[in-house]
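Q: pasting the structure only:
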Ligand code: KIV
């Protein structure tokens, strides 16, 4: 049996190598991804868009996240599995602990939640209860109605400083990984170098420790417009999903992806 990937493995990569992460929502794709070298999978609440056809992640429920996390874990027993706490399931620390426990019981190794310094109290409580936490700052899709759309974050000096301070506060509170979505490449570099924990970027340039993409974007099956930072690796590989995944991993590890074409300044 393949050895399970642990948080210690993932954290050690910060000093050693870049790593590729992908979203998955079911057992068959999770199995295929693991077979082709993927070590870390996110059961993202992006499933609200990719699987359910909504135009945001807001309608996704905890019950649905539990169902998909269970499916992915069956397909990829050895991968390190992150699962999203969906919208309004971590408004208090006791609600957050309760929601997170349900995802951990069906196979998540770590839960991910969206937001900055305002979450430090909840993160401390979760980690005291042995629930590992991944932060998510920058473009946080659950806040789309506050942000006024899916826009690049941290473009000016003040908002960049807020994001850097958020990242530092979250690390201090106990997160073990951080997802950084849609921020300029220079800010992503600064945040990545300021933290001891691995930073996983999406639409944030090539300086982060890891990259994450939504599986539908990698395979070119996004129903509407794929984001400009996402690359269709299937197109390059003449239609083989296995080869597309292997190319994605190789390009992240060698620093070829994301090139300038897939980054923001
Ligand atoms: O829900 C999701 O898939 C995510 C990634 C895009 C980072 O949060």
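A: Sure thing, it's come through. It should be emphasised that the depicted structure is a prediction, and the values quoted were computed from it without experimental measurement.

Q: Just give me the neighbour total for residue 154.
A: Per other CB atoms under 10 Å, the neighbour tally for residue 154 reads 27. (C-beta placed from N, C-alpha, C; glycine too.)

Q: now it: how far from residue 136?
A: Counting by CB to CB, to the nearest Å, the separation of residue 154 from residue 136 is 14 Å.

Q: pLDDT wise, what is the residue of the chain most remote from its centre at?
A: Using CA atoms, centre = their mean, the residue of the chain lying farthest from its centre is residue 238. It sits 27.0 Å away. What the model reports as pLDDT for residue 238 is 76.

Q: The protein: strands as residue ranges?
A: 19-23, 40-43, 80-84, 110-114, 133-138, 177-181, 199-202, 210-213 (DSSP state E).

Q: Does the first one pack against any helices or strands, and if so which?
A: Applying 3 or more CB pairs under 8 Å, 6 or more residues apart in numbering; DSSP states H and E, we find strand 19-23 packed against strand 40-43, strand 210-213, helix 215-218, helix 241-253.

Q: Am I right that residue 112 is in contact with residue 179?
A: Yes. Contact status for residue 112 versus residue 179: in contact at 6.5 Å, counting by CB atoms under 8 Å.

Q: Overlap of the contact sets of these two?
A: Counting by CB atoms under 8 Å, 6 or more residues apart in numbering, the shared contacts of residue 112 and residue 179 are 134-136.

Q: From those residues, list just the buried residues.
A: Neighbour-count burial (16 or more other CB atoms under 10 Å) applied to these gives 134-136.

Q: Hmm, residue 205 is touching residue 255, no?
A: No. When contacts are counted by CB under 8 Å, residue 205 is not listed as touching residue 255 (10.9 Å).

Q: These two - which one has more neighbours?
A: Neighbours were counted for residue 205 and for residue 255 using other CB under 10 Å; residue 205 has more, 24 against 11.

Q: quick one: contacts for the nearest residue to the more buried one once chain neighbours are set aside?
A: Using CB to CB, 6 or more residues apart in numbering and skipping the chain neighbours, the partner closest in space to residue 205 is residue 185 (3.0 Å). Listed by CB under 8 Å, 6+ apart, the contact set of residue 185 reads 204-207, 263-265.

Q: Let me have those in JSON lines, adding pLDDT and distance to residue 24 as columns.
A: Converted to JSON lines, those look like this (pLDDT from 0 to 100; distance: CB to CB, whole Å):
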{"residue": "204", "pLDDT": "98", "distance to residue 24": "21"}
{"residue": "205", "pLDDT": "97", "distance to residue 24": "24"}
{"residue": "206", "pLDDT": "97", "distance to residue 24": "23"}
{"residue": "207", "pLDDT": "98", "distance to residue 24": "26"}
{"residue": "263", "pLDDT": "92", "distance to residue 24": "25"}
{"residue": "264", "pLDDT": "92", "distance to residue 24": "26"}
{"residue": "265", "pLDDT": "83", "distance to residue 24": "31"}
